[in-house]
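> Pasting the sequence and the predicted model now:
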Amino acid sequence: MKQDLNNKNIDKNFKLMVLSAIVLVVLFSYTIYKSSTNIQGVSYYIGVGFLFILLILSFVLRAKQDKIRDYFLKKRGLKQESSLFEKELQEKNSSYGDSKNIDFTIKPVSSNITFKDVAGIKEIKEELEEIVDFLNNPKKYQKFGVKLPKGVLLVGPPGVGKTLIARAVAGEAQVPFFYQSGASFVHIYVGMGAKKVRELFSSAKINAPSIVFIDEIDAVGKMRSGKSNDERESTLNELLTQMDGFDGESGVIVIAATNKIEVLDDALLRAGRFDRRLYVGLPNMEDRRKILELYLKDVKYEINIQKL
């Protein structure tokens with residue numbers, strides 16, 4: 001649009017210059033006709049030469065208008081290579097569709113772990129089987145207007161298998177699994193963490209049904225205090241906005257893990273975000289036997305696990 005405006009301005013200036021030259025030629029010719037006897041030699045040739053220079057300059061400007069325009073645009077720092085710009089814009093539009101600002105470096109992974117690979121935690125498996133069934137058969141729930149919780153928060157000490165459980169849910173449902181650590185959203189510059197949150201949820205929606213898993217969410221979801229931390233608060237606000245931006249019919253389930261639920265912001269725990277909380281504690285004696293049997297099934301051993 002700016003380029004078209006520049007072209008119009010140059011065409012307008014060219015026409016004005018040509019019109020002025022014609023007027024001057026007419027006036028000069030009329031003057032010569034009326035008072036040719038009074039014209040001194042030098043002034044006559046100067047006038048004629050000036051008119052010819054003006055006409056030649058007009059045609060040169062017309063012929064070189066593109067180069068002249070680019071020169072002035074470059075000098076002002078506004079040079080535009082329209083063909084390259086339009087080509088790049090077209091490529092982005094064709095690649096991204098309606099999601100022009102998505103960074104597709106955030107890619108899902110396929111999980112080959114199922115509930116059979118996770119020993120113990122019988123009660124937790126029963127809770128999560130409902131989510132797996134929803135991801136596999138969403139129409140069955142939508143038919144009756146049933147909406148599953150948007151988020152599931154796994155709470156428990158380090159090393160009890162929270163990440164493994166999330167991977168098992170994705171593997172059981174055979175859906176894309178988006179894994180991000182809470183610390184990966186923490187950046188020095190304000191707005192970078194929020195941008196990554198938007199990209200994560202946009203990619204999840206495009207690949208729906210899918211699972212978003214945020215490990216150690218307390219790194220980004222800490223309770224807001226009086227002390228200003230613009231970057232962390234901006235990231236947390238974006239996370240809250242994204243979780244409010246989709247419903248149970250979107251096919252995106254958010255699973256998060258933390259071992260410090262007491263430091264999480266209240267807004268993150270309210271209804272409509274992480275509705276369901278599952279506590280993953282240390283395994284009891286029976287669960288520990290099952291874990292040993294699972295990991296030793298392909299190993300020869302002489303220990304009686306049941307007597308441990």
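Structure received.

> So Lys125 belongs to a helix, correct?
Yes. The assignment for Lys125, made by DSSP: H, G, I helix; E, B strand; the rest coil, places it in a helix.

> which ones are touching the nearest residue to Pro176 once chain neighbours are set aside?
Sequence neighbours aside, Pro108 is the residue nearest to Pro176 in space, at 3.2 Å (criterion: C-beta to C-beta, 6 or more residues apart in numbering). For every residue, glycine as well, the C-beta is placed using N, CA and C. When contacts are counted by C-beta atoms under 8 Å, 6 or more residues apart in numbering, Pro108 is found next to Pro176, Phe177, Phe178, Ser203, Ala204, Asn207, Ser210.

> ranges for the strands of the stretch 201-308 of the chain?
Ranges of strands in the stretch 201-308 of the chain, per DSSP state E, counting those that start in this stretch, are 210-215, 252-258, 276-279.

> Now do the shortest one: which elements does it pack against?
Read that as strand 276-279. For strand 276-279, the elements it packs on are helix 122-136, strand 151-155, judged by 3 or more C-beta pairs under 8 Å, 6 or more residues apart in numbering; DSSP states H and E.

> list the buried ones in stretch 243-258?
Under the neighbour-count criterion of 16 or more other C-beta atoms under 10 Å, stretch 243-258 has Met243, Phe246, Gly248, Ser250, Gly251, Val252, Ile253, Val254, Ile255, Ala256, Ala257, Thr258 buried.

> Using TSV, please lay out those residues together with distance to Val220 and pLDDT.
Written out in TSV, the entries for the buried residues of stretch 243-258 read as follows (distance: C-beta to C-beta, whole Å; pLDDT from 0 to 100):
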residue	distance to Val220	pLDDT
Met243	13	85
Phe246	19	68
Gly248	23	59
Ser250	22	73
Gly251	24	79
Val252	18	86
Ile253	19	88
Val254	13	91
Ile255	15	92
Ala256	10	93
Ala257	12	93
Thr258	10	93
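
> Which one of those residues is nearest to Ala119?
Ala119 has its nearest neighbour among these in Ala257, at 18.5 Å by C-beta to C-beta.

> Ser225 versus that closest one, what's the distance?
23 Å (C-beta to C-beta, to the nearest Å).

> do Val175 as well
With distances defined as C-beta to C-beta, the gap from Val175 to Ser225 amounts to 37 Å.

> The two - which one has more neighbours?
In this view Val175 and Ser225 are compared by other C-beta atoms under 10 Å, and Val175 has more residues nearby, 24 against 9.

> can you count the residues close to Lys147?
As a burial measure, Lys147 scores 12 neighbours (other C-beta under 10 Å).

> I meant to write Asp265 there.
19.

> pLDDT value on it, please?
Residue-level confidence at Asp265 comes out at 89, pLDDT.

> Am I right that it is in contact with Leu236?
Yes. The criterion here is C-beta atoms under 8 Å, and Asp265 meets it with Leu236 at 6.3 Å.

> Now the common contact residues for these two.
Counting by C-beta under 8 Å, 6+ apart, the residues touching both Asp265 and Leu236 are Gly221, Lys222, Arg224.

> Using ChimeraX, define a selection of the buried residues within those residues.
The following ChimeraX command selects only the buried members of those, with burial defined by 16+ other C-beta under 10 Å:
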select :221,222
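
> now Glu216: how far from Gly281?
With distances defined as C-beta to C-beta, the gap from Glu216 to Gly281 amounts to 18 Å.

> and the two? which has more neighbours close in?
Taking neighbours as other C-beta under 10 Å, Glu216 and Gly281 compare with Glu216 leading, 20 against 12.

> about what we covered before: quick one, which of the helices and strands packed on strand 276-279 is nearest to Arg277?
Across the helices and strands packed on strand 276-279 (criterion: C-beta to C-beta), the nearest stretch is strand 151-155, sitting at 4.6 Å.
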